[in-house]
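# sequence and predicted model, in that order:
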Amino acid sequence: MVVQKRGRLAATAVAKGLSVAILWTTLAGATVGNEFESTQASVADGAQTEQAPACGPAALMNRTCLANWPEYSSVNASSPEECCSLCFADSKCVGWTMNANQAPPCHLRPWSPKEPNPKPECTSGIFTSRAPSPTPPPPTAPAPKGSKNVLFMVVDDLRPNLNVAYGQKYMLTPNLDKFASTALVFRNAYCQYAYCAPSRNSFMSGRRPAQTKVFSFTDHFREVGPTWTSFPGLFKNNGYFSSGAGKTFHPNLPPNYDGALSWSDLSEYPYINQYLDGDQCPKDGPGFEQWGRWCEVDDSRHEFGDELTANNSILHMTAALKKNLPFFVAAGFHRPHLPWSVPKKYFDMQPPVSEIADPKYPNTPEKMPPLAWHSIPGPGFPTQWNVTLPSNSTAANRRAYYAAVSFLDAQVGRIVDAVDDLGVADNTIVVFTADHGWQLGEHNMYGKMSVFELATRVPLIIRDPSRPESHGKVTMAFAELVDLMPTLATLAGIPLPQHEAVPIAGISLAEVFADPTAALPNSTKPYTLSQHARCWKDTHTPCGTTFNVHTTRVPVGKGPHDFHDMCDCHFVRPEAIDFMGLSIRVPNFRYTEWHPWNGTTLEPVWEQMTGIELYPHANDDGTSFDDFENVNAAGDPAYSQTQKELAVLLRTAFTPQGKL
C-alpha cells in the first residue's frame, strides 16, 4: 500500500491479523502543505487497504485531539472522507472513528462529554477496515473422559484484603474464609498490568501485554490475534459448555465479550454484564458521600449487577448439567470497583470510622522517581504529590472499600454453595482471583495504575477436589495471572492448543498442588513480570483519570511535561505512549525500570533510562500492606550488586526469548 502524506499526515498499517488503521488530523485554518512524500507500508495477505483521505483545509498530525471518548452520534457514511467531513463540519465533534464492519460505521466523538468547552481547532480520526472475525471452530471431539468442571470467579480492583487467606483479621469475609480453608492460597500471585482492560486482555487470552499489544482502553487482543484460542475458548473447543456473566473480558474489548469464539449457546444463554440501579450510588439511601464514591444503599428498593451475575452463573452451571456436559463458567464481579455502592447492611457490619486504621506510610515513597507515582482522584479529593488525604477521609474510604468486599463475599458464597447444592463439588475446580490489586492510601495513592506491589499483587485461591493435599494450605510459590490458562487446562485434564502463531504464555502451576508448603518462590518460576505505561498529561487529551476538583473530565496537568503529574494513558493508543515501567518481582526484591517508549516498534527504548526502583522484600509473607516499598533502595551501595544482577535479569525477561 502506498499512502501519500501531506505535511505531517500520518498513516499506520497494522499488518498483524487482518487490519489496516489509518490515523490523521486536520487543523482548521492551517496552510496547505505543498510537499508530498510516499511511504510504503507492508500489509498482510487478505487485509483491506484504504488511501488516507484529504479532509479539511490541511492535514497536521496532532495526537492531542485524537478522540477516544464514547461517541455521541453514530451516522451513516460511505467512506472515511465523508465521516471525516461530517465531523469537521460539526461544532461538537473533535474526532471520529470509522469501522467498515459496523453499522452505522461512522462514530462522531466530542471534545469532552461533560463540559461545554469550545471545540479545539483540530479534528482527528481513525479508520479501521478489518475482515470479520473468523468463524469459531466447532469442538474437535467430546470432552476428554474424566474432565473436571471449572468455576472461574474474577473480581475487579480487589487486593488480597481477605481474612483467613491473607491474614487481614479486620476483614469480614466469612464465605471466602470458608472457601480458603478447603483450597490452596497463593500468597505471591501477580497481574501483568495493573489496569482493567490490559490485564483482562492478557489473562483471558493467555498472553502477556507485549503479545496482546493492549496497554490502555483503546485496543483488544483480537486485533493482533483474531484466531488465538482464548481462556474460555480453550474449554469450549474441548467439548465444554462455556458461559460467562459479569465483567470477565473488559466490556467491548474485545467486542461482544469475544462472542462465539469464547462462549457456547449464546442464543440460549446470552452474555449479560449489567449495572443495575443500586450500582451507581442512588441518592435516596441512608448514607451518601458527596462525591458519589461510596453510598449505603437501601437494598429493598434497589438491585445490584453482581447479584445478577451470581444468579446467571448458577443458572449456567445448572444448564450444563442438564446438557450432560462439563462446564467452564466464568463469573466477573464489579465490586469493589468504584463506586462502593452496596447495601447498607454491609456498611453496618464494619467498625466505625474512628476504629479504621490509617496506612502506616501514607506518603510518597522516599527517593522514588516521580513518574512511578500516579495521581488519581482519591475518593473525595484528588491526590497530589506528597499531599496526603486527611485521616478521617482515608478511614471513611477504607471502611467503604471493606463494605464492598463484604458484599462481594456474599455473592461468592452463593455461587460456591451452589456447587455443593448441585452435587458437583467433587468434580469442580473452583478459582477465585482479581484482575489487579489496589492502593488504599498507601504511597499517597488510591487505585491501581502502578507497578507497586499493592497494585500488582492479587488474591489467587484454587480448589481442586482431586488434590486434597493442597486443601487449607498456603504457598509462597510465584504465580501470574497469565499462568491461569495452562494451570487450569492441566488440572481439568484438557490439552493446550499447539502450533498457534503466538503461543500461550505462562506455565502450569499444577505441580505446586502436590506439595504447596515445600514450594519456595523460585522452585516453579523464578520471577513475575508486570508493566505499566505513563503519558504526558499536556499532550494527550483525554489522557487518564486525573480530573480537576469539580470531578469533570478536564485535564489538570501542572504544565508541560511534568513528571510529578502524569497520567495512566487511559485513552492513548499504543503508538502514542510516552513511557513504560517494567517491573520484575523476585524473592526478596522488586526491581523496576522506566524507559521511553518506541511507538513504532512498541518496545522500550532500552538505551534511555527515566527512573530506577529497587525495593527489598525480605521476610514478606504476603500479609502486610504497609511494611514494604516505602524507600527506594536503587543507588544504595549496599544493594549495588543486587541492582546490577536484576537489571540484567529484567532486560532478559522482557525480551521474547526470556519470557516464562
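Sure thing, it's come through.

# list the buried residues for the longest helix anywhere in the chain?
Ranked by residue count, the top helix of the chain under DSSP state H comes out as helix 391-421. By neighbour count, and taking 16 or more other C-beta atoms under 10 Å as the criterion, the buried residues in helix 391-421 are 393-413, 415-416, 418-419. Backbone N, C-alpha and C define where each C-beta goes, glycine included.

# just stretch 264-276 next, same as before
For stretch 264-276, a neighbour-count test (16+ other C-beta under 10 Å) marks 264-265, 269, 271, 273 as buried.

# related to what we said a few turns ago, average pLDDT across the longest helix of the chain?
Model confidence over helix 391-421 averages 95 on the pLDDT scale.

# what's the following helix or strand after that helix?
Once the chain leaves helix 391-421, the next helix or strand it forms, by DSSP states H and E, is strand 428-434.

# mind listing the strands the helix or strand that comes right after that following strand pairs with, and their directions?
Beyond strand 428-434 in the direction of the C-terminus, DSSP H and E gives the next helix or strand as strand 439-440. Based on DSSP bridges, the strands next to strand 439-440 in the sheet, each with its direction, are strand 446-447 (antiparallel).

# how far away is the residue nearest to Tyr401 when sequence neighbours are not counted from Lys344?
Ranked by C-beta to C-beta, 6 or more residues apart in numbering and with sequence neighbours excluded, the top spatial neighbour of Tyr401 is Pro336, at 5.5 Å. When distances are taken as C-beta to C-beta, to the nearest Å, Pro336 and Lys344 turn out to be 16 Å apart.

# so Asp348 versus Pro459, what's the distance?
For Asp348, the distance to Pro459 under the criterion C-beta to C-beta works out to 24 Å.

# got the phi and psi for the residue nearest to Tyr401?
With angles defined as degrees, to the nearest 10, Pro336 sits at phi -100, psi 30.

# OK, contacts around Leu582?
451, 529, 531, 592-595, 604, 650, 654 (C-beta atoms under 8 Å, 6 or more residues apart in numbering).

# again, but for Asp90
Here Asp90 is in contact with Leu108 (criterion: C-beta under 8 Å, 6+ apart).

# so what's the backbone phi/psi at it?
Backbone geometry at Asp90, expressed as degrees, to the nearest 10, gives phi -90, psi 130.

# how close does it sit to Cys84?
Distance, Asp90 to Cys84, using C-beta to C-beta: 11 Å.

# again with Arg651
Distance from Arg651 to Cys84, counting by C-beta to C-beta: 42 Å.

# which one of the two has more residues nearby?
More crowded of Arg651 and Cys84, by other C-beta atoms under 10 Å: Cys84, with 28 against 15.

# how would you label Met368: helix, strand or coil?
Using DSSP: H, G, I helix; E, B strand; the rest coil, the three-state assignment for Met368 comes out as coil.

# count of neighbours near the closest residue to Asn392 other than its chain neighbours?
Nearest non-adjacent residue to Asn392, counting by C-beta to C-beta, 6+ apart: Val353, 6.5 Å away. Around Val353 there are 16 other residues, counting by other C-beta under 10 Å.

# can you check Phe88 too?
18.

# am I right that it falls within a strand?
No. In this structure, Phe88 is helix, not part of a strand, as judged by three-state DSSP.

# of Pro336 and Lys344, which one has the most company?
The residue with more neighbours, out of Pro336 and Lys344, is Pro336; 27 against 17, by other C-beta under 10 Å.

# in contact with the more buried one, which residues?
Contact analysis of Pro336 by C-beta under 8 Å, 6+ apart lists 155-158, 401, 404-405, 408, 438.

# same thing but at 10 Å, please
155-159, 161, 294, 342, 400-408, 434, 438, 440 (C-beta atoms under 10 Å, 6 or more residues apart in numbering).
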